[in-house]
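# Structure here, sequence nowhere to be found:
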């Protein structure tokens, strides 16, 4: 069984992202149009004339369903538009499917985008409306799901609430400097420790917010990229993805110290990209920090350190913006919030702009290649995208 | 702008489909497992060992969300599973995305499937819960949407309720002979004309039912197909897709006599497959007969005849099972009902089995190549898949 490679077969020539936040004065259509127009402009492509197909990631059915979520606001008619839903990995899976279609030679230029308009409807985390999972036991809320992991890590590895706070402080330091972030304010370890508890040990600053937002990328093949943007493009080195269960807590062997979907998605991506030691082969990363504990576990699952050592990485500043391997230089979900379908696409936008040396917030020094990582559901689905210069 | 081809790059080596109907004793997971196991058996592949990725089409969020809809019931963990939602074309778009990934060389063997469990939840047609479209005017129900077309066709072309009834009679004749159909009973023109009106002029027998069901296909590349199934495989000649608007009634130029998404999807598919005259180049078709009027308009959009002539085709028996160009030899949505995400996959299963000479119901004579067609939303999205022998 051989899984193939799209390494360097797909280029990103345009990126667009809206301000993330409580955007009461715009609806999903407005946000999508804004992000797509920015990407189209950056790529020097004509939406109607050049773009042949679209993939759009949204999770909530109230944000929009089917390809019409894109076609109607963009007046993009008569061509294929696919809606992809894969919990919090919806955006990155939309990019994955778009990339395969380009790599297959079906289309020259396509758009992958994501949008979510959550705050108008009060959506919170996973919309399981009507889904009946376990016949007796309930479904924990997302903070409760990840609190299980934090408590376990405290017990097994001696991590503390201070370690979690350090993640929030780092990400708020970075996000405070990003013009598109939802929360643009630095915080202190003390503030994080004093914040109200959401699900012990996770407090207010350990949890990302729900926000509205949209993001878009434009994909093509490298040989076509040049004629639109010269050398100003990045290439996809790998996209790894894995799905596990929606009810991990009923697996007797669930450790709560690692997310199997993460591990398998990272392994697939590293293999495809030829990465053997991410700390050496890559320059930085963007991880799905829906909760501070998630960021720490992600370090380990992404093989940036051994199990139990993630707290040392944050304590020693390895993942700070000027550290050896910056993580979430944009401020992460902590500062951007999490408009679900948009998040994975926004991460890919940030990753691309970092690699091209034109990050909007803090620029990682010598950023030639990095990864972005989505984790969705009850640690159910993970996607890892590696992007670098051609 | 060149759109590429996957013609003959992707083979279908396994097909599975459940009985469609009011299946109270099974849930979505049961149905999916049943369809997938049948397909896996037919393809002689090992689900865990050989299958590398999955695409699943579901429309309703209560049927299941994310890749977990497949992974949990099938215990298919650690690999990519994508959920595709594209209204009533969800199933065929799942196949389209799976086919591109195979054509790109990313995977050797993948599954595309669809499932919907509707009756437990009382889902009816398009689930627009929370979606606010036009700020003042409401959204018509699906029968009302298509009644607009029927009334217009009656006025412009002189079609009659008898013409609609003939479609229902033909499809019930075929479906009565298919062991997996929901409704397995012949009807008469008189019975159809006397049936209660749902939305004038559409009566009970002009509308397809909501049903539960699942279907699956297994895709690979032709060079791999042989080692699993010898010569017992079909190849995809083309997949065309187009998305229009979710609110066609607000377009001043909407004719209600043709669905632009149909026309563009058919043109794309015919071009990719090299079909210039479908009546000559293909042997039969499976169209999305959500309503009898839809089947007639589909004939025209698929270029089986000129505008206005579809009623002649049904009157003259051209599309009957022993006619020149049988349409819906399986009984169509009229007899199978419409478990939304499953429908396009079921059609592709029927198409493949016809082409391989092993249809479960009525076998089309000399069926070497044919098409299957999905239409979804408010005439919003259409997909046309052409399948033939290698």
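Arrived safely, thanks for sending. Only a predicted model underlies this, so the values are computations on that prediction, with no experimental measurement involved.

# Just the pLDDT at the residue nearest to residue A:116 when sequence neighbours are not counted, thanks.
Nearest residue to residue A:116, sequence neighbours excluded (Cβ to Cβ, 6 or more residues apart in numbering or on different chains): residue A:339, at 3.5 Å. Every C-beta, even on glycine, is put in place using the N, C-alpha and C of the backbone. With respect to pLDDT, residue A:339 has a value of 96.

# I'd assumed residue A:121 was in contact with residue A:339.
No - assessed by Cβ atoms under 8 Å, residue A:339 is found out of contact with residue A:121, at 11.9 Å.

# out of those two, which sits in the busier spot?
residue A:339 (36 against 12; other Cβ atoms under 10 Å in any protein chain shown).

# For chain A, just list every one of the helices.
For chain A, helices defined by DSSP state H occupy the ranges A:28-43, A:47-50, A:68-74, A:90-103, A:142-157, A:161-175, A:189-194, A:222-229, A:260-273, A:278-281, A:292-301, A:310-315, A:332-336, A:340-355.

# List the buried residues of the fifth one.
For helix A:142-157, burial by neighbour count (16 or more other Cβ atoms under 10 Å in any protein chain shown) applies to A:142-143, A:145-154, A:157.

# Out of the residues you listed, flag the one nearest to residue A:188.
Using Cβ to Cβ, residue A:150 comes nearest to residue A:188 of the buried residues of helix A:142-157, at 20.0 Å.

# Quick check: the gap between the residue lying closest to the closest one once chain neighbours are set aside and chain B.
Ranked by Cβ to Cβ, 6+ apart and with sequence neighbours excluded, the top spatial neighbour of residue A:150 is residue A:293, at 4.1 Å. Per Cβ to the nearest Cβ, to the nearest Å, residue A:293 is found 22 Å from chain B.

# got it, and residue A:272?
9 Å.

# Quick check: residue A:295 touching residue A:311?
No - taking contacts as Cβ under 8 Å, residue A:295 lies outside contact range of residue A:311: 10.9 Å.

# Tell me how many other residues surround residue A:316.
Neighbours around residue A:316, by other Cβ under 10 Å: 12.

# If we ignore the residues flanking it in sequence, what's nearest it?
Nearest one to residue A:316, counting by Cβ to Cβ, 6+ apart, is residue A:323 at 7.9 Å.

# And residue A:11, by the same measure?
residue A:225 (4.0 Å).

# Over to residue A:232?
Nearest to residue A:232 is residue A:356, by Cβ to Cβ, 6+ apart, at 6.2 Å.

# From residue B:47, how far out is that neighbour?
42 Å (Cβ to Cβ, to the nearest Å).

# quick one: contacts for residue A:374?
A:88-89, A:91-92, A:288, A:343-344, A:347, A:381-384 (Cβ atoms under 8 Å, 6 or more residues apart in numbering or on different chains).

# Most neighbours out of those, which is it?
The contacts of residue A:374, ranked by neighbours (other Cβ under 10 Å): first place residue A:91, 39 neighbours.

# From what I see, that residue and residue A:349 are in contact.
No - using Cβ under 8 Å, residue A:91 is not in contact with residue A:349; the gap is 9.9 Å.

# Find the residues that touch each one of these two.
residue A:215.

# Now do the contacts for residue A:169.
So residue A:169 contacts A:186-189, A:192 (Cβ under 8 Å, 6+ apart).

# Using PyMOL, define a selection of the buried residues within these.
Selecting only the buried entries of the contacts of residue A:169 in PyMOL, with 16+ other Cβ under 10 Å as the criterion:
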select buried, chain A and resi 187+189+192
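
# so which of the contacts of residue A:169 comes closest to chain B?
residue A:192 (30.9 Å; Cβ to the nearest Cβ).

# With adjacent residues omitted, what lies nearest to that closest one?
Nearest non-adjacent residue to residue A:192 (Cβ to Cβ, 6+ apart): residue A:165, at 3.7 Å.

# Look at the one you found and say how many residues are nearby.
Residue A:165 has 24 nearby residues by other Cβ under 10 Å.

# For chain B, see how far away it is.
For residue A:165 relative to chain B (Cβ to the nearest Cβ), the value is 31 Å.

# mean confidence score for stretch A:231-251?
95.

# End to end on that stretch, go ahead and measure it.
49 Å (Cα to Cα, to the nearest Å).

# Over to stretch A:313-321?
OK, stretch A:313-321 end separation, Cα to Cα: 13 Å.

# what sits up against that stretch?
Applying Cβ under 8 Å, 6+ apart, the contact partners of stretch A:313-321 are A:163, A:166-167, A:170, A:173-174, A:296, A:299, A:304-305, A:312, A:323-329, A:362, A:364.

# Now that stretch: buried residues?
In stretch A:313-321, the ones that count as buried by 16+ other Cβ under 10 Å are A:313-314, A:318-321.

# Just the closest of these to chain B, please.
Nearest to chain B among the buried residues of stretch A:313-321, with distances taken as Cβ to the nearest Cβ, is residue A:313, at 25.8 Å.

# And the pLDDT at that closest one?
98.

# Distance of it relative to residue B:217?
Taken as Cβ to Cβ, the span from residue A:313 to residue B:217 is 45 Å.

# again, but for residue A:184
Counting by Cβ to Cβ - residue A:184 and residue B:217 are separated by 49 Å.

# about what we covered before: now for the residue nearest to residue A:316, how many residues are close by?
16.

# Excluding chain neighbours, what is closest to residue A:267?
Of all residues not flanking residue A:267 in the chain, residue A:240 sits nearest, at 6.9 Å (Cβ to Cβ, 6+ apart).

# Who are the contact partners of the one you found?
Contacts of residue A:240 (Cβ under 8 Å, 6+ apart): A:264-272, A:383-385.

# so can I have JSON lines of those showing pLDDT and distance to residue A:21?
Formatted as JSON lines, the contacts of residue A:240 follow (pLDDT from 0 to 100; distance: Cβ to Cβ, whole Å):
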{"residue": "A:264", "pLDDT": "98", "distance to residue A:21": "33"}
{"residue": "A:265", "pLDDT": "98", "distance to residue A:21": "29"}
{"residue": "A:266", "pLDDT": "98", "distance to residue A:21": "30"}
{"residue": "A:267", "pLDDT": "98", "distance to residue A:21": "35"}
{"residue": "A:268", "pLDDT": "97", "distance to residue A:21": "33"}
{"residue": "A:269", "pLDDT": "97", "distance to residue A:21": "30"}
{"residue": "A:270", "pLDDT": "97", "distance to residue A:21": "34"}
{"residue": "A:271", "pLDDT": "96", "distance to residue A:21": "37"}
{"residue": "A:272", "pLDDT": "95", "distance to residue A:21": "35"}
{"residue": "A:383", "pLDDT": "98", "distance to residue A:21": "24"}
{"residue": "A:384", "pLDDT": "98", "distance to residue A:21": "27"}
{"residue": "A:385", "pLDDT": "98", "distance to residue A:21": "24"}
